[in-house]
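Participant: sequence first, then the predicted structure, then my questions.
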Amino acid sequence: MKKINVLIVEDNEPDVLLTEEVLAMAGIQTNILVARDGVEAIDCILKNNQYTQAITPDLVMLDINLPKLNGKEVLSFIKSNSKYANIHVVMYTSSHLETDILYSYKAGVDLYLNKPFAMADFDKVIAALKNFKQQVLDKL
């Protein structure tokens, strides 16, 4: 099975670890790079500054609430640039706002998931990522 290059864009270390865990629990084998804010995320994708040797992500796990540039701005950058528009993006956030969900889907996000806070939510996230893996990532 091919490893998926994943860029996790998250400023909270416990949430980075949680993201790594849900990816593993969903059976997604990964090479992971972490960006702590929206500017770092774009630098990673463009291979700018300290990221000249960065992996090109197949998947971006993107939080909405980020310093410098928020997740919606990063999503817009990715999906509005023809060179990067084929990168799959999962918005993985604590935001339940309908405006964030609608914006994300209109901007081209592949999947919108809320970070789990209860075990039942954790199971739902794992199931959604397993389905996403089968439907999308296994075809990469």
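Facilitator: Here it is on my side, so go on.

Participant: count the residues that sit near the nearest residue to residue 11 once chain neighbours are set aside.
Facilitator: Excluding the flanking residues, the one nearest residue 11 by CB to CB, 6 or more residues apart in numbering is residue 36, at 5.0 Å. The C-beta positions use only the backbone N, C-alpha and C, and glycine is treated the same way. Using other CB atoms under 10 Å, residue 36 has 17 other residues around it.

Participant: could you do residue 131 as well?
Facilitator: 12.

Participant: other residues contacting the longest helix along the chain?
Facilitator: Criterion DSSP state H: the longest helix present in the chain is helix 119-135. Applying CB atoms under 8 Å, 6 or more residues apart in numbering, the contact partners of helix 119-135 are 22-23, 25-28, 90, 110-111, 113-116.

Participant: can I have the buried ones of these as a PyMOL selection?
Facilitator: In PyMOL, this line selects whichever of these come out buried by 16 or more other CB atoms under 10 Å:
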select buried, resi 22+23+26+28+90+110+111+113+114+115+116
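
Participant: what comes up buried for the longest helix of the chain?
Facilitator: Buried residues in helix 119-135 (16+ other CB under 10 Å): 122, 125-126, 128-129, 132-133.
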